[in-house]
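Visitor: Sharing a sequence plus its predicted fold:
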Amino acid sequence: MSVAFRQCVCGRVGPITASAPSGFVIGLIGDNGSGKRMLLDLAAGKAAPAEGEVAIAGEVEVHYHTLGQQDAGERARTALELETLRRKGGTAFVVSHELALMEWLADEVWWLDEGKLKAKGDPRQVADAYRRHVAAKMTAEARGSVRALPPAMRRGDGRAALLSLETLDASGELSSVWKAGEEARIRVRVRFEKAVEDPVIGILIRTRIGFEVYGTNTELERIALGPRAAGETMEIVFRFACQLCPHEYTVTAASHDKDGVWHDWVEDGVAVAVSDGRYTAGVARLVSMVETKLV
């Protein structure tokens, strides 16, 4: 009971030569439009190749990416079904954008890229290679842009106005994606509408659900900004190593006095995503040194 693709071509897919052995769960990953759905249809016998052949022997099942949206109980039931199919010698193909799910369920992962089989093999190795591809693609596409949001809140006494709030990459270019492990920057421009004796400029990073993960300001960093006269404009750039896990984040910025009286506070003014070439869990991207020994 197996599925074998032999120089198979169908639409934009191919040529592909690969075998899914009996008792195997094959995880299919790739960008949208990479050919995953067509390969599933070929494996299930719902489509016929224009060139080459697909040899199907025995029971074949297909599962789609909606599995990633199911609760833990449904996932466990699906895992049990797949294990039963394995023991019967059947073959299953699972498609999902959730790479951790692929690593858990699949015996082998196939990465499709523009209809071609880019890589296949060990789930963790192929998934990590795809993560690096996604991180590079996200970074390239995000360069030169900032994802401004309608502020969740804006208030202050008006003695200063935040003119712009921008996220930048390690090279100093505007970017709506930070790469984990590299330098990230937040640039704030503020104009003082009235004289301010000793202003403080701060930033705050939150998760999409509002959890505060990092914040600092010029006072904490021991940078004196004042006194400032009415009409003056300043640019402040916060630079830090982006040790955050891949998620969506928001950035808040504010100008205020040392006693906390706000001049201008822009809540969740921009959104930024973090990409990474490896799997990490949680929010903080802590780098561990692991020691092992036999005892």
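Guide: Perfect, I can see it now. Numbers count the residues shown, from 1 in each chain.

Visitor: check contacts around residue 82.
Guide: For residue 82, the residues meeting the contact criterion (Cβ atoms under 8 Å, 6 or more residues apart in numbering) are 25, 61, 92, 94, 105. Just so you know, the C-beta spots here come from the backbone N, C-alpha and C atoms, and that holds for glycine as well.

Visitor: From these, keep the buried residues only.
Guide: By the neighbour-count criterion of 16 or more other Cβ atoms under 10 Å, the contacts of residue 82 include these buried positions: 25, 92, 94, 105.

Visitor: Just the ones in helices from the residues you listed, please.
Guide: With DSSP state H as the criterion, helices contain residue 105 from among the buried ones among the contacts of residue 82.

Visitor: Report the two of the buried ones among the contacts of residue 82 separated the most.
Guide: Set against one another by Cβ to Cβ, the buried ones among the contacts of residue 82 have their most distant pair in 92 and 105, with a gap of 8.6 Å.

Visitor: Now do the shared contacts for those two.
Guide: Contact with both residue 92 and residue 105 is made by residues 25, 82, according to Cβ under 8 Å, 6+ apart.

Visitor: Check whether residue 74 sits in a helix, strand or coil.
Guide: Secondary structure, DSSP: H, G, I helix; E, B strand; the rest coil: residue 74 is helix.

Visitor: circling back to that earlier point, would you mind giving the contacts of residue 82 as JSON lines with distance to residue 83 and pLDDT added?
Guide: Below are those laid out as JSON lines (distance: Cβ to Cβ, whole Å; pLDDT from 0 to 100):
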{"residue": "25", "distance to residue 83": "9", "pLDDT": "88"}
{"residue": "61", "distance to residue 83": "12", "pLDDT": "68"}
{"residue": "92", "distance to residue 83": "10", "pLDDT": "84"}
{"residue": "94", "distance to residue 83": "13", "pLDDT": "86"}
{"residue": "105", "distance to residue 83": "10", "pLDDT": "82"}
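
Visitor: Go through those residues and name the one nearest residue 201.
Guide: Closest to residue 201, out of all of those and judged by Cβ to Cβ, is residue 105, at 48.0 Å.

Visitor: wouldn't the closest one be in contact with residue 79 here?
Guide: Yes: taking Cβ atoms under 8 Å as the contact criterion, residue 105 and residue 79 are neighbours in contact, 6.3 Å apart.

Visitor: Now residue 198. Nearest residue, chain neighbours left out?
Guide: Counting by Cβ to Cβ, 6 or more residues apart in numbering, residue 198 lies nearest to residue 226, which is 4.1 Å off, once chain neighbours are set aside.

Visitor: Pull out the buried residues from the helix or strand that residue 274 is a member of.
Guide: Taking DSSP states H and E as the definition, residue 274 sits inside strand 262-275. For strand 262-275, burial by neighbour count (16+ other Cβ under 10 Å) applies to 262-275.

Visitor: quick one: which of those is nearest residue 244?
Guide: Each of those was scored against residue 244 by Cβ to Cβ, and residue 274 proved nearest at 4.8 Å.

Visitor: From what I see, that closest one and residue 176 are in contact.
Guide: No: assessed by Cβ under 8 Å, residue 274 is found out of contact with residue 176, at 10.7 Å.

Visitor: Quick check: which ranges of the chain have low pLDDT?
Guide: Across the chain, the stretches falling below the confidence threshold (pLDDT under 70) are 1, 58-59, 61, 63, 65-73, 75.

Visitor: Helices of that one, residue ranges please.
Guide: Chain-ordered helices for the chain, with DSSP H as the definition, fall at 36-43, 72-87, 99-105, 123-142.

Visitor: Now tabulate the ones you listed in TSV and tack on distance to residue 287.
Guide: What follows is the helices of the chain, written out as TSV (distance: least, Cβ to Cβ, whole Å):
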stretch	distance to residue 287
helix 36-43	33
helix 72-87	29
helix 99-105	19
helix 123-142	16
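
Visitor: Show me which pair in the buried residues of strand 262-275 is furthest apart.
Guide: In terms of Cβ to Cβ, those reach their longest pairwise distance at 263 and 275, which sit 34.1 Å apart.

Visitor: Out of the helices of the chain, which is closest to residue 211?
Guide: Each of the helices of the chain was scored for nearness to residue 211 using Cβ to Cβ, and the closest is helix 99-105 (20.5 Å).

Visitor: could you say what helices and strands the closest one packs with?
Guide: Under the contact definition 3 or more Cβ pairs under 8 Å, 6 or more residues apart in numbering; DSSP states H and E, helix 99-105 sits against strand 25-29, helix 72-87, helix 123-142.
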